[in-house]
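*Asks:* Next comes the sequence, and after it the predicted model I'd like to discuss.
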Amino acid sequence: MNHFAPQTLKSAEDFIARENEFGAMNYKPLDVVLRRGEGVYVWDVDGRRYMDCLSAYSAVNQGHCHPRILAALTEQASRLTLTSRAFRNDQLALFYEEVCALTRAHKVLPMNSGAEAVESALKLARKWGYAVKGAPAGQAEIIVCANNFHGRTITIVGFSSDPGSREGFGPFSAGFKMVPFGDAAALEAAITPNTVAFLVEPIQGEAGVIIPPPGYLKKARALCTRHNVLFILDEIQTGLGRTGKLLAEEHDGVEADLTIIGKALAGGFYPVSAVLSNNEAMSVLHPGEHGSTFGGNPLACAVARMALKVLVEEGMIENAARVGERLKRNLEDIRSNLVKEVRGVGLMLAVELDPEAGGARPACEALQARGLLAKETHDHTIRIAPPLILTDEQADWIGDQFKAVLT
Ligand SMILES: *Cc1c(COP(=O)(O)O)cnc(C)c1O
């Protein structure tokens, strides 16, 4: 018997039926089957073009199939892809050096997925807590925020407040405490002598683009410094230009002790993540205490180096700030009682619909019919996060489509 399916799938319905037959059903995607992408656009199997206003949850900030990243990928892939960290490769040192020069980090720990980098930061924080801060063995506490999203591992979902992410997956890791997001007083009250770290997103992405009150990150930074607690920012989604700055922390003029990046670090070509350290925390790791077969591999490093280079050299970060403001104004100008709020920074935007508006999912389906792909988050919020190469004309077009659907 031949186990390799001949190319018999033609229509979108064929692909969807086959996926549903054989795949785990852990997603509920819009029923659009994509075949090709270029810049801000993607095309489905019937040749229909859509503007991508999700950018793979901000992993494709540089636009689909960016030609310079593609060239770096194919060049490196034809030379050397994987050595493991048992040996060294000629890309890792350059990746480290360029990431540090760009972010002013002192040390880099390379991983693959975002969740892995978050896990790595948690391990680092605990080890630092015992080795440097002097927390009693087995007692380290890490404070997190309600409505956080940091990934899908058992430890991470164990400190999620979203029942769907958490229920049925226990028992969970001990040592996590939850405080409301945006509430510095609650953070201060939760800190004990055993607190080793505070983990937070500068803007909560999956929660629906929730921006904390002005001054929150500065206060949190000061509290962490005062109580000798590591301040860990998860910039996997907010980082690398999405909010109009390289890192969202720059809006608040703060620097984290550990910064976690991923997603757009490889422009959508490859899973690459990293923990960046600005203090002595990284020095607690010794050979054999942490690792990853694929982390820091030469293909990942070559792709990530070019993904960062085009982000900076092609002015995508400044463009996100400028066009993001224009797009936000376009959305704010829509006069509709279906819209409760427009919020966001740079090209990390969201439209929250009135609970009476019939839900974000039908709105996303109406946008899809007009050639715009966006994804609802929770029941009433539409997230808008196009690639950072968006032009003024394209921003105006997005505004027109939302206007048509919401009025
Ligand atoms: C996407 C995301 C993660 C998880 O990244 P994966 O690559 O999906 O594991 C973690 N934190 C934030 C803020 C994210 O947006």
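*Replies:* Nice, thanks for sending it over.

*Asks:* what's the worst-scoring helix or strand of the chain on mean pLDDT packed up against?
*Replies:* Lowest mean confidence among the helices and strands of the chain (mean pLDDT, DSSP states H and E): strand 375-377, at a mean of 91. In terms of contacts (3 or more CB pairs under 8 Å, 6 or more residues apart in numbering; DSSP states H and E), strand 375-377 is packed against helix 360-369, strand 381-384. To be clear about C-beta, it is placed using only N, CA and C from the backbone, and glycine gets the same treatment.

*Asks:* quick one: the helices in the protein?
*Replies:* Along the chain, counting by DSSP state H, helices occupy 12-22, 55-58, 67-77, 92-103, 114-128, 154-158, 163-166, 184-190, 216-226, 249-252, 298-313, 316-332, 360-369, 392-406.

*Asks:* can you put those helices in JSON lines and add distance to the ligand?
*Replies:* JSON lines is the format used below for the helices of the chain (distance: least, CB to the nearest ligand atom, whole Å):
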{"stretch": "helix 12-22", "distance to the ligand": "20"}
{"stretch": "helix 55-58", "distance to the ligand": "5"}
{"stretch": "helix 67-77", "distance to the ligand": "18"}
{"stretch": "helix 92-103", "distance to the ligand": "17"}
{"stretch": "helix 114-128", "distance to the ligand": "2"}
{"stretch": "helix 154-158", "distance to the ligand": "8"}
{"stretch": "helix 163-166", "distance to the ligand": "12"}
{"stretch": "helix 184-190", "distance to the ligand": "18"}
{"stretch": "helix 216-226", "distance to the ligand": "15"}
{"stretch": "helix 249-252", "distance to the ligand": "13"}
{"stretch": "helix 298-313", "distance to the ligand": "13"}
{"stretch": "helix 316-332", "distance to the ligand": "16"}
{"stretch": "helix 360-369", "distance to the ligand": "18"}
{"stretch": "helix 392-406", "distance to the ligand": "22"}
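
*Asks:* between these, which one is nearest to residue 242?
*Replies:* When these are compared by CB to CB, helix 55-58 sits nearest residue 242, at 5.1 Å.

*Asks:* That closest one - what's its average pLDDT?
*Replies:* Averaging pLDDT along helix 55-58 yields 98.

*Asks:* How about residues contacting it?
*Replies:* 61, 205, 237, 240, 242, 263, 264, 268, 348, 385, 386, 387 (CB atoms under 8 Å, 6 or more residues apart in numbering).

*Asks:* which parts of that helix are buried?
*Replies:* Neighbour-count burial for helix 55-58, counted by 16 or more other CB atoms under 10 Å, picks out 55, 57, 58.

*Asks:* How about stretch 324-338?
*Replies:* In stretch 324-338, counting by 16+ other CB under 10 Å, buried: 324, 326, 327, 328, 330, 331, 334.

*Asks:* about what we covered before: near the ligand, from the contacts of helix 55-58?
*Replies:* 205, 237, 263 (CB under 6 Å from any ligand atom).

*Asks:* where's the second one relative to residue 281, distance?
*Replies:* Read it as residue 237. 22 Å (CB to CB, to the nearest Å).

*Asks:* Repeat that for the last one.
*Replies:* When distances are taken as CB to CB, residue 263 and residue 281 turn out to be 22 Å apart.

*Asks:* Quick check: pLDDT value at the residue nearest to residue 327 when sequence neighbours are not counted.
*Replies:* Using CB to CB, 6 or more residues apart in numbering and skipping the chain neighbours, the partner closest in space to residue 327 is residue 395 (4.1 Å). pLDDT recorded at residue 395 is 98.

*Asks:* how deep is residue 395 tucked in, by neighbour count?
*Replies:* Other residues lying near residue 395 total 22 when counted by other CB atoms under 10 Å.

*Asks:* And for residue 280?
*Replies:* Count around residue 280 with other CB under 10 Å applied: 13.

*Asks:* Return the residues in contact with it.
*Replies:* Here residue 280 is in contact with 128, 132 (CB under 8 Å, 6+ apart).

*Asks:* unless I'm mixing things up, residue 235 is touching residue 260, no?
*Replies:* Yes - Residue 235 is within contact range of residue 260, at 6.2 Å (criterion: CB atoms under 8 Å).

*Asks:* thinking again about what came up before, just tell me which of the helices and strands packed on strand 375-377 ends up closest to residue 224.
*Replies:* Using CB to CB, the helices and strands packed on strand 375-377 put strand 381-384 closest to residue 224, at 29.0 Å.

*Asks:* tell me what the closest one is packed against?
*Replies:* strand 348-353, helix 360-369, strand 375-377.

*Asks:* of the helices of the chain, which approaches residue 273 most closely?
*Replies:* Among these, helix 114-128 sits nearest to residue 273 (CB to CB), with 3.8 Å.

*Asks:* I'd like the distance from the closest one to the chain centre, please.
*Replies:* Relative to its parent chain, helix 114-128 has a centroid offset of 16 Å by CA atoms, centre = their mean, to the nearest Å.

*Asks:* Use 27 as the first number for this chain going forward.
*Replies:* All right, first residue 27 from here; so that's helix 140-154.

*Asks:* Could you name the helices and strands sitting against it?
*Replies:* Helix 140-154 packs on strand 133-137, strand 167-171, helix 180-184, strand 221-226, strand 256-260, strand 284-287, strand 299-303, going by 3+ CB pairs under 8 Å, 6+ apart.
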